[in-house]
Every structure is written in structure tokens, then in C-alpha cells.
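*Asks:* Sequence first, then the predicted structure, then my questions.
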There are 2 protein chains.
Amino acid sequence: MSVAPASAFLRACRRFPVPYTPVWAMRQAGRYLPEYRRIRERMSLLQLCETPEAAAEVTVQPVDRLGVDAAILFADILLVVEPLGVGLDYAKGEGPVIARPLRAHDDVARLPDVDPNDALPFVFETVRLARRALAGRVPLIGFAGAPFTVASYLIEGGPSRDFLQTKRLMYTDPNTWTALMERLSALTARYLRGQISAGADAVQLFDSWAGCLSPDAYRRYVMPHSRAVFAALPPEVPAIHFGTGTAGLLEAMRDAGGQIIGLDWRVDLGDAWARLGPDVGVQGNLDPAVLLTTQAEIERGVHGILNAAAGRPGHVFNLGHGVLPETPWEHVRAMVDMVHEMSRR
Amino acid sequence: MSVAPASAFLRACRRFPVPYTPVWAMRQAGRYLPEYRRIRERMSLLQLCETPEAAAEVTVQPVDRLGVDAAILFADILLVVEPLGVGLDYAKGEGPVIARPLRAHDDVARLPDVDPNDALPFVFETVRLARRALAGRVPLIGFAGAPFTVASYLIEGGPSRDFLQTKRLMYTDPNTWTALMERLSALTARYLRGQISAGADAVQLFDSWAGCLSPDAYRRYVMPHSRAVFAALPPEVPAIHFGTGTAGLLEAMRDAGGQIIGLDWRVDLGDAWARLGPDVGVQGNLDPAVLLTTQAEIERGVHGILNAAAGRPGHVFNLGHGVLPETPWEHVRAMVDMVHEMSRR
């Protein structure tokens, strides 16, 4: 069972012409959807991720509800560190917590050697089940957190505003930093390859917090490790490289890898693509907050982004970051329909 | 008593050649300085701002301690809204709180008409006292929050992560938004003109949070109001236009105004200046987190930024945002000395 070669999403990832601009939404499976909330009444985030039938169901739901051109594996970017024994937990409403954050060389040296294929079988099973349920209607995107973003959680112990512990370690203890990033890049590459073997048609690497870095720091401390991840992936599987607040890092992220560079809303898509050059596509980039406003504003936003892409092959429409929990799902659906209709003209 | 015309800071603001790159640091008067902490043991932030002798002392302290090329008025960007009766308070360690946030048209219509010259005499007295104490050694920078950033506090009721209330009002109730922004831009312009009359040699407009916006939203909803502020200032007084996370907004911020565009660390200074063109200078842009690391890393950072500026007239060295409270003051001093020494070569 393979995805129809005519998939607009996969064609756009390869910068082939498409009859309409494909669109999906980061966090399209999430709290804003009633069917997702119903499942979450029964189980925690971690339980949901570890129950392949439920996770596959949640993966597929938005395809029916929204008419998007791709499904994305339901999982969390920190699942991959759970087998490392750092004490991952999801505090209610406060995001992930790492009970035993890494701060020194010994903390990193002590991490067990984990094979995600053994440690995370439920993720690969979710991929298999979701792909079966999709039945070739739309492709399935696998994903992982990029080494820097995962490292930042491991070092800070949870979400952060300034990433000071992470930067301090990175700048003052490069040996420990490199050891950690090499561990994470190898783990991430194996994890993504496992998802691809299980049936993922494309993958996205989320370097959500790389935007806190200067371009120089990114190139020195992050790029080699993200590049190692991309280099370990089969080149025929499209890879999307995403971050937020990265308007000053785009060229460096392109140099790290990915056939498609994900843009948040804080940069003009046309300007960004001109800077990135002809050898990559782009994904993005409507401000998720616009989906909290009106039809007219959503329309204006979609129109502006399609205009900026100028019909150039290689644009995947998306939000600039995940769907906000307070978003009316009808607005996401409206956005999807608008993208399809306006781009067909 | 006027500042020596040879002031490297003022010359750089006018893009004249300088013998060395001038440098100051945002939040150079702050918790990282022992003499500042001693004064704050005796009074709250608001009390300090409202006591001109103390505020002037705090303004001048870093000039002696650090050897910087400019002093900046000690004040807070929200002082200007205190007379509006919105219930401004500074919660311990949590930043400013607005007890009665603005959400609807009536909230804005109800705001009293305030003349900062009557309502904030202590600020202008601080400017006068600080200027006298500086005795022409270095120029004094006045400042204000830009209309968008001040509006975001008034609407959110305090600091925010996503600025959803602000964006919702901006996108869905443009009349109320415009009314609020026009009030704030007029107030801000009068406030800055008052500081200039009292003796400020230059001013900085802090649009600290404008970086949360898409370029399109910035140009539609923010730029006209920031432009109104700059247009109301005497052109012979250098104006610096600063924001964070603005790597995608730089051209729009330049179009709004300011002879110098302030850059945070998330953009390469050379790339940014090339985009901004020859008619403005730039200020920045070391990551404040680098001052928490080592001499070698600070040196590397300073060197990279001076190299990126390439000796082009019009560069004022600064951090990319304020000094972090946990910074050793010796590292700030070291940075200042390095900038002077390396740029003289």
C-alpha cells in the first residue's frame, strides 16, 4: 500500500508542480478538536502516545475533519528521551518536566545506550496503524525533535524563556555539549529511520527553540549535529526542517539540511525563500493567532502567503507554529479550504 | 553645559567616523550592579523611578563602573501609563502588572487625557540631575516604550508569551486598536520631547515585543504609530529604534523611523546592516547570555560583531537585549574594554 504518487504534499516537497498548494497544520491533532479532547478524558498524553490504536486514531482524525493533505504522527518530541531515564513527565498545563536535568559531563556519560527500535515500539506501531487507516488517502509525516531543542529540555529541566543553562553549557563546556549532541543526533537519526521503515512518507525535524541562538552559535554548536541527522536519512524521503524565531538563521538551517525549510510567521515567506535560494522548498507560515480572529482576516492572511509564494513549486502551506488550543476548529477547516481554492485559481 | 561634540556615541549615531566603536549596555543600571542593589534595598522600583536624586545616581553609576560611552535614563517603559489609572504595579519577580487591562472600546475611550509634563515631573527632573552629574563626560539617552509594546502590556495585563489578547484586539477591532495606538503615540511623542527638553542627547524607542508580529501585521497595525512618534521628534536628536526577535521586521522598522536600528543577537549584524542599507546605523548585538560565560567567549563574540560591522561608520556596540541579572559586572566591564581596544586597532 503506497501513497498515490499524485500526492500534492509529496510533489510539493520535491518541488514538482502541483494542481493546488498542499496544506497541513502543526498540532492539527490537538486540544482544539472535540474528538481529541474526548480521548484525552480517558488517558494522559503519555498514555495516549503509548497506545498505538488511540495514537493512530488521533493521527488520522484531522484528515477527515479538516481535509488536510498530510497526516502527522501523533507523538511528542520528548518521547525519545523517556528511555534515557531522566524522569520525563508532563505536568498539567505546564509542559514537559525533566526530573533529573543534565548539567555536567557525568550526567551525559551516565546516559544508557538506547535503541529506539527496542525502547519505543509503540511509536512504530502507531506509524503502521495510522498508515493502514489512511489507506493511501494522504501521506503520513513522521517527526522528531532536533538535537538542540531536545538538549534544551534535558538541560533546563523543562520549557525555558532564556535557555541560560543550555547556553552556559554550550559555551563553557564544549566537550560535554558535543558528547550530548552526538548522543542525541545518533538517537534521533535511528528514531526517524525507524519511523520511515514503519511507513512514514516524509519526516519533519522540529528545532523549535533554535531561534534563541545567534547565527554564529547555531553554526558552531548546532548545525553539525542537525546535519548528521539529515545525512543519516534516506534522501528519497522528504525532510522538513522547522524552527521558530529563526528569521536570522534560515541560511544556516538550510545548510544543515532538509528539502523543505519551515518558516514561522515572523518573516515574509517571499523574502525568506529568496534568501534560501532555488534548491529548497518552504513550509508556512500563517500566524496561528490569525485563526482566533475572523474569516476575513484568515482570508487575507492566506492570500498574502500564497501571493508571496507566487505559485513557485515547492510551497507547503502551514501555520507558523502549532494550532493554538483555543482555536475554533471551523477556522482551521476554513483555512484549508481557502488554501485549496485560492491556489487552484 | 553641552556634551563634547567629540562624543563617539553621538558621532556614531550620525554615521560620522569615530576613533573607536562606542558602547553601552541596555539595562546597564540594574540588579547585576552591587551599588544598584544597595539602593533597591531601600526602595521599590517605582519609588526609585519617582525619586530623581536616586534615579539620577543609578543612571550615572555605570559610567564610572563600566566606562561606557553613554548613560541611559533610569526609568521603566510603563511609567508613562501610570497616570492613565490602569493600576500599574510591579509584582516581585514577575514583571509589571496592569490591574485593569484594556479590552474594549470603552476602556480606551475612558482613559484620561494626560500630559506627561504634568504627570511625570520626576522623570524630567531625573534627566536634568543626571545630565548635571555627567557633566558632559558622556551623553545621556532618554527613552520610551513604543506604542505597540506599551499597548501589549495594557491589553494583556502584564508580560505575555503569545500576545493573543493583543493580536485579537488588533485584528478584530481595528477602531479600538487605532484609538489606543493614537493615544499612545501622541503620549509617547510628548514624553520623549519632554526628555529632550530636559537635556536628553539622544532617545531610544523600545519596541521590545514587536517581534511577535508578522511583517504584514507590523506594517498595517504598528508602523504608522511608531512613525508618528519618530516624526514628532526633533531631527537633530539621534533616535534609536530597538526591538527583539525582529530579524524579519528590520526593513519595516527602518521605514517607521530612527537613525539607528537596534538589533538583537538572533541576526548577523553584517547581514542586517546590508538589508537596512546605507541610510541608517545599527546598534548591537551580543547575546547577553555570552556575558555569563568566559573571557574567551566574550572576546570571540565582540570580535565577530566588530568584524561584521567592518569599521563602517554608524555602529554603536551594545548587547542584543538587557544585561541579565546574574551577570558578573566584571564581564560587562571586560566587554566594554574589549570593544574599545579591538575597534581602535
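*Replies:* Cool, got the structure.
*Asks:* For the rest of this, base every contact and every neighbour count on C-alpha atoms.
*Replies:* OK.
*Asks:* Got the phi and psi for the closest residue to A:R227 other than its chain neighbours?
*Replies:* Of all residues not flanking A:R227 in the chain, A:A256 sits nearest, at 4.4 Å (CA to CA, 6 or more residues apart in numbering or on different chains). Dihedral angles of A:A256 (phi, psi; degrees, to the nearest 10) stand at phi -70, psi -30.
*Asks:* Look up how far A:V222 lies from A:A256.
*Replies:* Counting by CA to CA, to the nearest Å, the gap from A:A256 to A:V222 is 9 Å.
*Asks:* So between those two, which is more surrounded?
*Replies:* In this view A:A256 and A:V222 are compared by other CA atoms under 10 Å in any protein chain shown, and A:V222 has more residues nearby, 26 against 20.
*Asks:* pLDDT value on the more buried one, please?
*Replies:* What the model reports as pLDDT for A:V222 is 98.
*Asks:* sec struct for it, please.
*Replies:* helix (DSSP: H, G, I helix; E, B strand; the rest coil).
*Asks:* Contacts only, for the closest residue in space to it that isn't next to it in sequence.
*Replies:* Leaving aside its sequence neighbours, A:V222 sits nearest to A:F148 (CA to CA, 6+ apart; 6.2 Å). By CA atoms under 8 Å, 6 or more residues apart in numbering or on different chains, the residues touching A:F148 are A:181, A:207, A:209-210, A:222.
*Asks:* before we move on, what about A:V127?
*Replies:* A:V127 makes contact with A:56, A:73, A:140, A:142, A:195, A:198-200 under the criterion CA under 8 Å, 6+ apart.
*Asks:* about what we covered before: and which of the contacts of A:F148 is nearest chain B?
*Replies:* A:A210 (9.8 Å; CA to the nearest CA).
*Asks:* So what's the residue count around that closest one?
*Replies:* 25.
*Asks:* and what of A:H241?
*Replies:* 26.
*Asks:* Just say helix, strand or coil for it.
*Replies:* Strictly by three-state DSSP, A:H241 counts as strand.
*Asks:* Include secondary structure when you put the contacts of A:F148 into CSV, please.
*Replies:* Shown next, in CSV, are these (three-state DSSP):
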residue, secondary structure
A:M181, helix
A:D207, coil
A:W209, coil
A:A210, helix
A:V222, helix
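*Asks:* Can you pick out the most distant pair from these?
*Replies:* A:M181 and A:W209 (14.8 Å; CA to CA).
*Asks:* Residue numbers of the stretch 101-250 of chain A in contact with chain B?
*Replies:* Residues of the stretch 101-250 of chain A lying near chain B by CA under 8 Å from any CA of the partner chain: A:164, A:167-168, A:171-172, A:211-216, A:245-249.
*Asks:* Secondary structure of A:Y171: a strand, I assume?
*Replies:* No - A:Y171 is assigned helix when assessed by three-state DSSP, not a strand.
*Asks:* How about the contacts made by A:Y221?
*Replies:* Contacts of A:Y221 by CA under 8 Å, 6+ apart are A:170, A:178.
*Asks:* what about it, distance to chain B?
*Replies:* With the distance defined as CA to the nearest CA, to the nearest Å, A:Y221 ends up 13 Å from chain B.
*Asks:* Over to A:A309?
*Replies:* Counting by CA to the nearest CA, the gap from A:A309 to chain B is 15 Å.
*Asks:* How about A:C49?
*Replies:* 27 Å.
*Asks:* swap in A:G93?
*Replies:* 14 Å.
*Asks:* what's around that residue, how many residues?
*Replies:* 6.
*Asks:* tell me which helix or strand of chain A sits lowest on mean pLDDT?
*Replies:* Sorting the helices and strands of chain A by mean pLDDT, DSSP states H and E puts strand A:88-91 at the bottom, at a mean of 88.
*Asks:* So for stretch A:153-162, what gets flagged as buried?
*Replies:* Buried residues in stretch A:153-162, counted by 16 or more other CA atoms under 10 Å in any protein chain shown: A:153-159.
*Asks:* got it, and stretch A:295-311?
*Replies:* Quick answer for stretch A:295-311 (16+ other CA under 10 Å): A:298-299, A:301-306, A:308-309.
*Asks:* Off-centre distance for stretch A:246-254?
*Replies:* With CA atoms, centre = their mean, to the nearest Å as the basis, stretch A:246-254 stands 16 Å off its chain's centre.
*Asks:* Pull up the distance across it, start to finish.
*Replies:* By CA to CA, one end of stretch A:246-254 lies 11 Å from the other end.
*Asks:* And the helices in the stretch 101-250 of chain A, which stretches?
*Replies:* Using DSSP state H, counting those that start in this stretch, the helices of the stretch 101-250 of chain A run over A:105-109, A:116-119, A:121-134, A:147-156, A:164-172, A:174-198, A:215-217, A:223-231, A:250-256.
*Asks:* And the residue of the stretch 1-150 of chain A at minimum distance from chain B, its phi and psi?
*Replies:* Relative to chain B, the nearest point of the stretch 1-150 of chain A is A:E94 (13.1 Å; CA to the nearest CA). Backbone torsions of A:E94, given as degrees, to the nearest 10, read phi -120, psi 0.
*Asks:* Repeat that for A:R38.
*Replies:* Dihedral angles (degrees, to the nearest 10) for A:R38: phi -60, psi -40.
*Asks:* if I look at it, how far off is B:P328?
*Replies:* From A:R38 to B:P328 the distance is 51 Å (CA to CA).
*Asks:* Comparing the two, which residue is more hemmed in?
*Replies:* Just comparing A:R38 and B:P328: by other CA under 10 Å the higher neighbour count belongs to B:P328, 15 against 11.
*Asks:* Pretty sure that one sits against B:V290.
*Replies:* No - using CA atoms under 8 Å, B:P328 is not in contact with B:V290; the gap is 11.2 Å.
*Asks:* what's around A:L102, how many residues?
*Replies:* For A:L102, using other CA under 10 Å, the count is 25.
*Asks:* same thing with A:R345?
*Replies:* Other residues close to A:R345 by other CA under 10 Å number 7.
*Asks:* One more: A:M43?
*Replies:* A:M43, neighbours per other CA under 10 Å, totals 14.
*Asks:* Check what pLDDT it gets.
*Replies:* A:M43 is given a pLDDT of 95.
*Asks:* got it, and the one 4 residues further on?
*Replies:* According to the model's per-residue confidence, A:Q47 sits at a pLDDT of 95.
*Asks:* same question, the one 10 residues further on
*Replies:* pLDDT recorded at A:E57 is 97.
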